[in-house]
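A.B. asks: Let me see the structure of the following:
(chains A and B)
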2 protein chains.
Amino acid sequence: MTATSPPLQVAIVGVGKIARDQHVPAIAGEPAFELAATVSRSGGLDGVENHADLMSLLDARSDIAAVSLCMPPVPRFEAATRALAAGRHVMLEKPPGASVAEVGTLERLARAKGVSLFATWHSRYAAGVAPARAWLSDRSIRSVRIAWKEDVRHWHPGQAWIWEPGGLGVFDPGINALSILTGILPGPVHLTKAVLSFPENRDTPIAADLSFTSASGMVVEAEFDWRQEGPQSWTIDVETADSALSLREGGARLFLDGEEQKVEGPGEYPGLYRRFAELIEAGQSDVDTSPFVHVADAFMLGERRIVAPFHE
Amino acid sequence: MTATSPPLQVAIVGVGKIARDQHVPAIAGEPAFELAATVSRSGGLDGVENHADLMSLLDARSDIAAVSLCMPPVPRFEAATRALAAGRHVMLEKPPGASVAEVGTLERLARAKGVSLFATWHSRYAAGVAPARAWLSDRSIRSVRIAWKEDVRHWHPGQAWIWEPGGLGVFDPGINALSILTGILPGPVHLTKAVLSFPENRDTPIAADLSFTSASGMVVEAEFDWRQEGPQSWTIDVETADSALSLREGGARLFLDGEEQKVEGPGEYPGLYRRFAELIEAGQSDVDTSPFVHVADAFMLGERRIVAPFHE
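C.D. replies: Have a look, this model is predicted:
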């Protein structure tokens, strides 16, 4: 995109907390895009054209080149296929759908229509992640320990869908940790053991303990817990043969052998929209399902335990 | 492989029901292979060299070019990595592991070592499957209905691992139906809804109801049930715009508009070993995880219901 290109018109579909908190300000700060419209049944944003459904937007606004899907994962496939079929570039909030298989179908459709599909993992754009990946690339990793513990009442107030089948429960934040893990490790890992704790009145887990290994026998232990009151933690600690790396606050801060490193970046969602603009410019897609495959594996291989009911 | 090539020496790892019933006779009937040894802690086969563990076999018998892994899915990854690392071709019983992610790691390892990896789906070699695929390839499919209902006490006597996490429960036979489905459909489908019934004393489901769709809106409904007494069914019925196809008895019999078709083939496991020999000869691997991805998706997206305890 040259400096003189007019910005691409983009629409947000699903105007909830994540759209208001992150997508709207990120688009406002990105010269390559201009927020042209929203799709929301429950009302959009002040001063922005809103449509009650996606088909109405696609029919009315052929000038909108890209849509960013911010609704819950279950209805996302249908919206994505409609937008791709109408020749629009599509950006998917994480997780990229309700099933791993559907993401492959979207990828094929984007290729057939010659448009860009971007399955985003916002945590990979936290400031410490790229330097962590570079630092680990030529080191021998012994073990990784992940603690992703937060208070669901604070972070997901009133989001009923996270407790419904397909809503993923504690894996909704946990998949952010898995996206960083798969983003910084030089090789693949796979799940060997999982214990999932389901509240007796809910369909998705409130906590999960996971163990992974690699072909070379490296070990990853992850603890996801939504029952954390008091201090919250989003920490990934990596031990190498002779030193230690720690990502804290969801990847925003990086420590090497205990010493904080100066890291900087545009911020997670500004980084995503920058990348989306680059993909469209290059005529490419970016679809990495590996964090999502780990979650599906955890549900398949995991031992289910029933724990105390959860009341909001 | 020319007519004068000596047969490849193959070892079976895990001498249980499936090895005795299927693998041993299939190898005996396939000129490309000769059964050289087994690995079993609980005793092997009369007149065949047996090793108590795989490493002992790999150390002692460098002439064994290929191993066929017939043990339960959870320990399969470790055995496969050892055999691949030792430069042997590897054939995996279905499902190809305990996690979807580990299969990708095995595929990379096989490529790095220059050997063949074959993730098998024996039901795809049932006599009716290839003609069904050919018949459906240029037809517009409206719907598919799968009924896979069998008596677990009869078919899986004493197999404790099928009820343990990673054992997949009713998906152990159900994945055979999914391997036929993905083998005969001209395009991909993905799961939209699943209900999994867990006996209150078991870690894996005894029944599952699944709904899939495709990008074009075709619908697949599947019913897996391990509580079927009396007549058993392994049936896939496909409705097209103007006719009907039915695979019965696990794909062994094919009906078009109610009329049985003459189909023939070498049999499922003989077909697998023929294919394995061809892959080795061609220096290729064959690893399709799509049936396994659908199972992982079902566990991730599925609603869990607790049903009556199961006692063998």
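A.B. asks: Going by C-alpha atoms from here, please, whenever you check contacts or count neighbours.
C.D. replies: OK.
A.B. asks: Does A:Ser214 touch A:Leu185 like I think?
C.D. replies: No - assessed by CA atoms under 8 Å, A:Ser214 is found out of contact with A:Leu185, at 10.3 Å.
A.B. asks: Can you tell me the element the closest residue to A:Gly250 other than its chain neighbours falls in?
C.D. replies: For A:Gly250, the nearest residue in space outside its immediate sequence neighbours is A:Trp234; the separation is 4.8 Å by CA to CA, 6 or more residues apart in numbering or on different chains. A:Trp234 is part of strand A:233-240 when elements are defined by DSSP states H and E.
A.B. asks: how about the CA coordinates for that strand, as CSV?
C.D. replies: The C-alpha atoms that make up strand A:233-240 are tabulated as CSV, following Å, rounded to 0.1, in the frame of the first residue of the first chain:
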residue,chain,number,x,y,z
SER,A,233,-1.3,-14.1,36.4
TRP,A,234,-0.6,-14.6,32.7
THR,A,235,3.0,-15.9,32.9
ILE,A,236,5.1,-18.2,30.7
ASP,A,237,8.5,-19.3,32.2
VAL,A,238,11.0,-21.0,30.0
GLU,A,239,14.1,-22.8,31.3
THR,A,240,16.9,-23.4,28.9
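A.B. asks: Chain B contacts on the stretch 101-250 of chain A?
C.D. replies: A:101-102, A:105, A:165-168, A:188-192, A:203, A:215 (CA under 8 Å from any CA of the partner chain).
A.B. asks: Retrieve the pLDDT associated with the closest residue to chain B within the stretch 201-312 of chain A.
C.D. replies: Minimum separation of the stretch 201-312 of chain A from chain B (CA to the nearest CA) falls at A:Leu301, amounting to 4.3 Å. At A:Leu301 the predicted local confidence, pLDDT, stands at 96.
A.B. asks: ok so, going back, next one: the strand holding A:Trp234 to chain centre, how far?
C.D. replies: 19 Å (CA atoms, centre = their mean, to the nearest Å).
A.B. asks: Could you report the neighbour count for A:Leu109?
C.D. replies: Around A:Leu109 sit 19 other residues, with neighbours defined as other CA atoms under 10 Å in any protein chain shown.
A.B. asks: per the record, what domains does chain A have?
C.D. replies: By the assignment in automatic domain parsing, chain A contains the domains A:8-119, A:124-265+A:296-307.
A.B. asks: these two touch, right, A:Asp225 and A:Val170?
C.D. replies: Yes - under the criterion of CA under 8 Å, A:Asp225 is in contact with A:Val170, at a separation of 6.6 Å.
A.B. asks: shared neighbours, those two?
C.D. replies: Shared contacts of A:Asp225 and A:Val170, defined by CA atoms under 8 Å, 6 or more residues apart in numbering or on different chains, are found at A:Ile206, A:Ala207, A:Ala208.
A.B. asks: okay, these in JSON lines with neighbour count next?
C.D. replies: What follows is the shared contacts of A:Asp225 and A:Val170, written out as JSON lines (neighbours: other CA atoms under 10 Å in any protein chain shown):
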{"residue": "A:Ile206", "neighbour count": "24"}
{"residue": "A:Ala207", "neighbour count": "23"}
{"residue": "A:Ala208", "neighbour count": "26"}
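A.B. asks: What about the residues you listed, which are in strands?
C.D. replies: When these are checked against strands (DSSP state E), the matches are A:Ala207, A:Ala208.
A.B. asks: quick check, nearest of the shared contacts of A:Asp225 and A:Val170 to B:His154?
C.D. replies: For B:His154, the nearest member of these is A:Ala208. The distance, counting by CA to CA, is 35.1 Å.
A.B. asks: Run through the stretch 1-150 of chain A and note the low-pLDDT ranges.
C.D. replies: A:1-4 (pLDDT under 70).
A.B. asks: Is there a neighbour count for A:Ser42? I'd like the number.
C.D. replies: 10.
A.B. asks: wait, what's in contact with it?
C.D. replies: A:Ser42 sits next to A:Ala52 when contact means CA under 8 Å, 6+ apart.
A.B. asks: what's the distance between it and B:Arg41?
C.D. replies: For A:Ser42, the distance to B:Arg41 equals 63 Å [CA to CA, to the nearest Å].
A.B. asks: what's the answer for A:Lys149, then?
C.D. replies: Distance from A:Lys149 to B:Arg41, counting by CA to CA: 43 Å.
A.B. asks: between the two, which one's more packed in?
C.D. replies: Set side by side, A:Lys149 and B:Arg41 show more neighbours around A:Lys149, with 22 against 14, by other CA under 10 Å.
A.B. asks: Pull the contacting residues for A:Leu54.
C.D. replies: A:Val13, A:Val39, A:Ala79.
A.B. asks: Checking A:Asp203 next. Helix, strand or coil?
C.D. replies: Recorded secondary structure, A:Asp203: coil (DSSP: H, G, I helix; E, B strand; the rest coil).
A.B. asks: so who does it touch?
C.D. replies: Applying CA under 8 Å, 6+ apart as the definition, the contact partners of A:Asp203 turn out to be A:Trp163, A:Glu164, A:Pro165, B:Glu303, B:Arg304.
A.B. asks: again, only this time at 6 Å
C.D. replies: Residues touching A:Asp203, when contacts are defined by CA atoms under 6 Å, 6 or more residues apart in numbering or on different chains, comprise A:Trp163, A:Glu164, A:Pro165.
A.B. asks: Now, of the residues you listed, which are buried?
C.D. replies: Neighbour counting by 16 or more other CA atoms under 10 Å in any protein chain shown classes A:Trp163, A:Glu164, A:Pro165 among the contacts of A:Asp203 as buried.
A.B. asks: so the last one touches B:Phe299, yeah?
C.D. replies: What it means is A:Pro165. No - with contact taken as CA atoms under 6 Å, A:Pro165 and B:Phe299 are classed as non-touching, separated by 9.7 Å.
A.B. asks: and the helix or strand that the strand holding A:Trp234 is followed by with strand A:233-240, angle?
C.D. replies: Per DSSP H and E, the first helix or strand lying C-terminal to strand A:233-240 is strand A:244-248. With axes from the mean of the first three to the mean of the last three CA atoms, to 10 degrees as the basis, strand A:244-248 and strand A:233-240 are set at 170 degrees to each other.
A.B. asks: And the closest residue to A:Ser290 other than its chain neighbours, how far from A:Ile146?
C.D. replies: With sequence-adjacent residues excluded and distances taken as CA to CA, 6+ apart, A:Ser290 is closest to A:Thr182, at 7.1 Å. Taking CA to CA as the criterion, A:Thr182 is separated from A:Ile146 by 12 Å.
A.B. asks: before we move on, what about A:Pro7?
C.D. replies: On the measure of CA to CA, A:Pro7 and A:Ile146 end up 40 Å apart.
A.B. asks: Looking only at neighbour counts, state which of these two leads.
C.D. replies: Higher neighbour count among A:Pro7 and A:Ile146: A:Ile146, with 24 against 15, using other CA under 10 Å.
A.B. asks: Check the secondary structure at that one for me.
C.D. replies: Criterion first, three-state DSSP; result for A:Ile146: strand.
A.B. asks: For it, which residues count as its bridge partners?
C.D. replies: Each beta-bridge partner of A:Ile146 is listed here, defined by DSSP bridges: A:Ala222, A:Ile236.
A.B. asks: okay but it is in contact with A:Phe224, surely?
C.D. replies: No - A:Ile146 is beyond contact range of A:Phe224, at 8.1 Å (criterion: CA under 6 Å).
A.B. asks: Dihedrals phi and psi, the residue of the stretch 101-250 of chain A found nearest chain B?
C.D. replies: The shortest separation between the stretch 101-250 of chain A and chain B is 4.3 Å, found at A:Gly166 (distances taken as CA to the nearest CA). Note on A:Gly166: its backbone torsions stand at phi 90, psi -10 [degrees, to the nearest 10].
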